[in-house]
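Colleague: dropping the sequence and predicted coords here.
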Amino acid sequence: MILRILHYGDATLRAKGKPIENIDDGIRELAANMIETMHAAHGVGLAAQQIGEPLQLTVLDVSAVEERPSMLKLDGTDLDPKTAMPLVLINPEIELHGETEVGVEGCLSFPEITGDIERAQSLEGGTIHIESSGFLARAIQHECDHLNGILFIDRMRSAAKVALSSRLRRLQKETRRGTGIRPEEERPLVSETTL
Ligand code: ZN
């Protein structure tokens, strides 16, 4: 089932996700619906906050991203990231490593807005130990931010955010009035970067 994606201006996007205690059928169904919704929106990541459920749950699928390489290790073994997609992360805890790198990102909650965001180049985390670098590391950081109510605009350089301020104010107003772009009207702009 395709779920409605909330846009900037909706208070749920600022909510910290509750940890998931039991992975029951309800959570499995929610994750499956989130994957379907992410694919339908041509996004590469979607956090539970974005569909109105403040939980520590996010889904990712970077398999269609050709130009920005991703690396993934599962319990110490190198893995072709494509074979691990879609990825469902529940209660993720990540540790950031390496230098930071600036790269363009979009977000399904900010239609048609992109920005350069500085992120760590690699990370580690999980009960199942994963290590990742490249674009997947960036995408996981973007989604884990959502789970804590942090949005990519919070990490934009202030000049970029100032340049976007009137568009952001307009989006926030449209969301609050319910007059914004409906999800079915959204066209993927830079789908490879929309998380
Ligand atoms: Zn996002």
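Modeller: Nice, I can see it.
Colleague: who in the protein is up against the ion?
Modeller: Contacts of the chain with the ion, taken as CB under 5 Å from the ion, map to C107, L195. Backbone N, C-alpha and C define where each C-beta goes, glycine included.
Colleague: so where do the helices sit in the chain?
Modeller: Under the criterion DSSP state H, the chain carries helices at the ranges 25-40, 135-147, 158-177.
Colleague: helices or strands next to the last one in the packing?
Modeller: On a contact count with 3 or more CB pairs under 8 Å, 6 or more residues apart in numbering; DSSP states H and E, helix 158-177 meets strand 114-125.
Colleague: is it possible to export the helices of the chain to a markdown table including distance to I128, mean neighbour count and mean pLDDT?
Modeller: Below are the helices of the chain laid out as a markdown table (distance: least, CB to CB, whole Å; neighbours: other CB atoms under 10 Å; pLDDT from 0 to 100):
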| stretch | distance to I128 | mean neighbour count | mean pLDDT |
| --- | --- | --- | --- |
| helix 25-40 | 16 | 17 | 97 |
| helix 135-147 | 13 | 24 | 95 |
| helix 158-177 | 36 | 13 | 93 |
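Colleague: any chance of those in CSV, with distance to P86 too?
Modeller: What follows is those, written out as CSV (distance: least, CB to CB, whole Å):
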stretch, distance to P86
helix 25-40, 5
helix 135-147, 12
helix 158-177, 27
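Colleague: I2 is nearest to which of those helices?
Modeller: helix 25-40 (5.1 Å; CB to CB).
Colleague: what's the nearest residue to the residue in the chain that the ion sits nearest to if we skip its chain neighbours?
Modeller: Nearest residue of the chain to the ion: C107, at 3.2 Å (CB to the ion). Beyond its immediate neighbours in the sequence, the residue positioned closest to C107 (CB to CB, 6 or more residues apart in numbering) is F152, lying 5.2 Å away.
Colleague: correct me if wrong: that neighbour contacts D116.
Modeller: No. Contact between F152 and D116 fails when scored by CB atoms under 8 Å: they sit 10.0 Å apart.
Colleague: what score does the nearest residue to G106 once chain neighbours are set aside have for pLDDT?
Modeller: Once flanking residues are discounted, G106 sits nearest to T194: 3.9 Å by CB to CB, 6+ apart. pLDDT, T194: 81.
Colleague: for P111, same thing?
Modeller: For P111, pLDDT reads 94.
Colleague: distance of it relative to G149?
Modeller: 20 Å (CB to CB, to the nearest Å).
Colleague: again with V104
Modeller: 23 Å.
Colleague: the two: who's more crowded?
Modeller: Legend: neighbour count by other CB atoms under 10 Å for V104 and G149, higher for G149 (17 against 13).
Colleague: grab the nearest non-local neighbour of that one.
Modeller: Nearest in space to G149, with sequence neighbours left out and distances taken as CB to CB, 6+ apart, is R14 at 4.4 Å.
Colleague: end-to-end on stretch 125-143?
Modeller: Length of stretch 125-143, first residue to last, CA to CA, to the nearest Å: 14 Å.
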